[in-house]
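Enquirer: any chance you could fold what I've pasted below:
(one chain, ligands or ions: 1)
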Amino acid sequence: MKMTFRWYGEKSDSVTLSQIKQIPGMTGIMGFLDYKAAGEVWNEDEIAAYIAQVNAAGLECEVIESVNVHEDIKLGLPSRDRFIENYRETIKNLAKHGVKVIVYNFMPVFDWLRTDLARLIPEDGSNSLYFDEAELGDMSPLDLVRSTIDGSNGFTLPGWEPERLAELEKTLELYKSVAPDDLRANYKYFLDGIIPVCEEQGIVMACHPDDPAWPVFGLPRIAHSQSDFDKIVALRDSPSNTVCLCTGSLGSDPNNDVVAAIRHFGSMGRIGCLHVRNIKHLGYRKFREAAHLSESGDLDMYEIMRAVFETCPDSYIRPDHGRMIWGETGRPGYGLYDRALGAAYLNGLWEAVVKNAK
Ligand SMILES: [Mn+2]
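Expert: Purely as a prediction, here's the structure:
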């Protein structure tokens, strides 16, 4: 297991590399060029500069999260071939600089969705990301996007870049004629275009689940259950076509057995990396993000780490979204303190799992 930490880059993250380096057991970051629009080529010189900066802090950068997929690819528009060619170029450039895993998602229009980015947790006075489908009921997609941007403390949220939002209404219209099977067909076309390059370059693609784990605003969503991911890994049968197993995203639906999903895809060799966090269910399609500790939420974190150890022990892992605690402000979900506590806790579970196995 390699413990890592998501980092958005010097200009876009309130957390510094030297702070990350001081978290016990931290080996590297999951890195991102925050200024790149979906569909653009990541050039070698900018990749080299970013990774050199990370390495200078004593950290590795073997996972990139995310290289976003252009909407035209998901929609299956004729212009997709140009964007797939750019994606291939980016894969080759990242591979040259030691990157092993690329996280991405295939969610139409929206990346993750929440109805409150700083919901007070009454028990301890901290706050965390929160979702309640009932609150979404009266909101249009544009309302939600506006309130998300308003609540993001001046940081651009991944998947919510203002440039993309101008075209939001047009894009929502185009998706009206895209059924889940159409989206899957477009997904296969994308994988057929990039996976041969990944195999040749030693890169693993890791698809992040839909978050929350159900359809929103009537858009097709095809990546929120074990059976969905069975279809995805079958779209292109390759060790380079894998899952980014996000316990909090899959776990937002209490019907998903997260531990079973790790064992299933882990033993198939189809987990490219994991995001490990806990979640607290509050009702039908209503949840908040919890501290990583098992007893703070509804997931059994010990069983999660044991499933990783027994089926995919060499995986890259990172603590996922944290609460905001101790008065910290920053990008919602991505402060330093609670994620550092999460990493320390997961490392402790890992040590117990490893020693118990001996
Ligand atoms: Mn995640």
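Enquirer: what strand or helix carries Val183?
Expert: Actually, residue 183 is Leu. It isn't Val. helix 180-201 (DSSP states H and E).
Enquirer: give me the buried positions along that helix.
Expert: 182-184, 186-187, 190-191, 193-195, 197-198, 201 (16 or more other CB atoms under 10 Å). All C-beta atoms are positioned from the backbone trio N, CA, C, and that covers glycine.
Enquirer: quick check: His264 vs His224, distance?
Expert: Shown here: His264 relative to His224, a distance of 15 Å by CB to CB, to the nearest Å.
Enquirer: what of Phe32?
Expert: 23 Å.
Enquirer: ok, now Phe106?
Expert: Taking CB to CB, one finds Phe106 at 11 Å from His224.
Enquirer: also Val197?
Expert: 27 Å.
Enquirer: ditto for Pro254
Expert: 13 Å.
Enquirer: any idea which of the buried residues of helix 180-201 is closest to the ion?
Expert: Ranked by distance to the ion (CB to the ion), the buried residues of helix 180-201 are led by Tyr187 at 18.8 Å.
Enquirer: contacts only, for that closest one.
Expert: Contacts for Tyr187 (CB atoms under 8 Å, 6 or more residues apart in numbering) come out as 74, 106, 222, 232, 235.
Enquirer: helix or strand for the third one, which one?
Expert: Read it as Ile222. Here Ile222 is assigned to no helix or strand, by DSSP H and E.
Enquirer: what's the answer for the first one, then?
Expert: Remark: Lys74 resides in helix 71-75, with elements defined by DSSP H and E.
Enquirer: what's downstream of the helix holding Leu183, the next helix or strand?
Expert: strand 204-207.
Enquirer: could you tell me the angle between the very next helix or strand once past that following strand and helix 180-201?
Expert: Scanning forward in sequence from strand 204-207 by DSSP H and E, the next helix or strand is helix 226-235. For helix 226-235 against helix 180-201, the angle by axes from the mean of the first three to the mean of the last three CA atoms, to 10 degrees is 50 degrees.
Enquirer: got the contact list for helix 226-235?
Expert: Applying CB under 8 Å, 6+ apart, the set of residues contacting helix 226-235 is 184, 187-188, 191, 207, 209, 222-223, 241-243, 256-257, 260-261, 264-265, 268, 270.
Enquirer: do you know how far Cys198 is from Ile271?
Expert: For Cys198 relative to Ile271 (CB to CB), the value is 16 Å.
Enquirer: likewise Gly193?
Expert: 23 Å.
Enquirer: now do Ala56
Expert: Separation of Ala56 from Ile271 (CB to CB): 30 Å.
Enquirer: likewise Glu200?
Expert: 22 Å.
Enquirer: next one: Val233
Expert: From Val233 to Ile271 the distance is 10 Å (CB to CB).
Enquirer: need the distance between the two termini of stretch 269-287.
Expert: In stretch 269-287, first residue to last residue: 31 Å (CA to CA, to the nearest Å).
Enquirer: that one vs the ion: in contact?
Expert: Yes. Using CB under 5 Å from the ion, stretch 269-287 reaches the ion at His275.
Enquirer: and that stretch, average pLDDT?
Expert: Across stretch 269-287, the average pLDDT comes to 96.
Enquirer: and that stretch, how far from the chain's centre?
Expert: Centre-to-centre, stretch 269-287 and its host chain are 11 Å apart (CA atoms, centre = their mean, to the nearest Å).
Enquirer: buried residues in that stretch?
Expert: 270-281, 285-287.
Enquirer: which helix or strand lies directly C-terminal to the helix or strand bottoming out on mean pLDDT in the chain?
Expert: None of the helices or strands of the chain scores lower by mean pLDDT, DSSP states H and E than helix 162-165, at a mean of 66. Using DSSP H and E, the helix or strand that follows helix 162-165 in sequence is helix 168-174.
Enquirer: which helices and strands does that following helix pack with?
Expert: For helix 168-174, the packing partners by 3 or more CB pairs under 8 Å, 6 or more residues apart in numbering; DSSP states H and E come out as helix 71-75, helix 141-150.
Enquirer: most tightly packed of those?
Expert: helix 71-75 (a mean of 22; mean count of other CB atoms under 10 Å).
Enquirer: now do it, average pLDDT.
Expert: 95.
Enquirer: list the contacts of Gly248.
Expert: By CB under 8 Å, 6+ apart, the neighbours of Gly248 are 211, 275, 277-279, 289, 299, 320-321.
Enquirer: same question, Gly266
Expert: 307-308, 310-312, 315.
Enquirer: hmm, try it at 10 Å
Expert: 243, 245, 274, 307-313, 315 (CB atoms under 10 Å, 6 or more residues apart in numbering).
Enquirer: ranges for the strands of this structure?
Expert: Along the chain, counting by DSSP state E, strands occupy 2-6, 28-31, 60-65, 101-104, 116-120, 127-132, 204-207, 241-246, 271-276, 279-283, 286-289, 316-319.
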